[in-house]
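K.L.:
Got a sequence here, can you build the structure:
(one chain, ligands or ions: 1)
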Amino acid sequence: MDCIVKTYRHESLLGFFKGMSFPLVSIAVVNSVLFGVYSNVLLALTAMSHQERRTQLPSYTHVFIAGCTGGVIQTFFLAPFDLIKVRLQNQTEPRVQPGGPQPRYRGPVHCAATIFREEGPRGLFRGAWALMLRDTPTLGLYFVTYEGFCHQNTPHGQNPSSATVLVAGGFAGIASWVAATPLDVIKSRMQMDGLRRREYQGVLDCVVSSFRQEGLRVFFRGLTINSARGFPVNAVTFLSYEYLLHSWG
Ligand SMILES: CN(C)C(=N)NCCC[C@H](N)C(=O)O
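P.N.:
Alright, predicted model coming up:
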């Protein structure tokens, strides 16, 4: 609540939409890579089409492996977009006044160009290891939760109803965000590191010094908001996924 009130006071309603344009563009690419890799790896592992998998649930190990593979591949696409989002969101200066001082990053493209100029091409992948560590197991868990919930709540041989898909997707989102939040904190710190001076030697150093300075609680920062956001976002994501598979498959 304190964060909401302060963001509104300092930056008005627009403060809540900071860094939104890039994720909006990137989410289509990132999700199609994730769901495409997941479906194809599962197809390769089980030799069953999506429709066949409805009658016979593949093993949770296969679902987990396919989700983890999606997480690894997704990182290469997500890392630069996510970095730019985090940098823009953490820029807390009030809106630019004509003639006033310019913020460090003037928008997503300017942000990408500045990082490239100041930190080199590798700079665009800052925090990518932490992102991969965050997303690999959590995307395995994400798909296991989704498939498991659908399987438990759908009569044998039938397709899950829209309501089941929505709830399963929502729970998958929450489960994955609960598991991902500790590494999400670390990832964001790594992405912000090096802006003025380098504070962390690497992921492990960031984990240790964050823990030393702020205790165990630091790893649960943002847990409530991540979970509250995770339910509707992933409910809609899975509903779209199922809908597209049915209409095109
Ligand atoms: C790091 N975590 C929790 C995940 N990658 N979870 C899967 C859901 C991702 C989805 N695009 C979202 O933004 O909620």
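K.L.:
Give me the pLDDT value at residue 7.
P.N.:
The per-residue pLDDT reported for residue 7 equals 89.
K.L.:
do the same with residue 126
P.N.:
Taking residue 126 on its own, its pLDDT is 89.
K.L.:
What separation do you get for it and the ligand?
P.N.:
Plainly put, residue 126 is 17 Å away from the ligand if you go by Cβ to the nearest ligand atom, to the nearest Å. To be clear about C-beta, it is placed using only N, CA and C from the backbone, and glycine gets the same treatment.
K.L.:
All further residue positions should be reported with the first residue as 359.
P.N.:
Sure thing, new numbering starts at 359, so read that last one as residue 484.
K.L.:
Next, count neighbours for residue 372.
P.N.:
11 (other Cβ atoms under 10 Å).
K.L.:
Residue 386 now?
P.N.:
Residue 386: 9 neighbours (other Cβ under 10 Å).
K.L.:
And the one 4 residues further on, by the same measure?
P.N.:
When neighbours are defined as other Cβ under 10 Å, residue 390 has 14 of them.
K.L.:
Residue 428 too?
P.N.:
Using other Cβ under 10 Å, residue 428 has 27 neighbouring residues.
K.L.:
OK, contacts around residue 376?
P.N.:
Each residue near residue 376 by Cβ atoms under 8 Å, 6 or more residues apart in numbering is listed here: 369, 446, 447, 449.
K.L.:
repeat for residue 507
P.N.:
Here residue 507 is in contact with 522, 525, 526, 529, 530 (Cβ under 8 Å, 6+ apart).
K.L.:
Any chance of TSV for those, columns pLDDT and secondary structure?
P.N.:
Listed next are the contacts of residue 507 as TSV, based on pLDDT from 0 to 100; DSSP: H, G, I helix; E, B strand; the rest coil:
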residue	pLDDT	secondary structure
522	97	helix
525	98	helix
526	98	helix
529	98	helix
530	98	helix
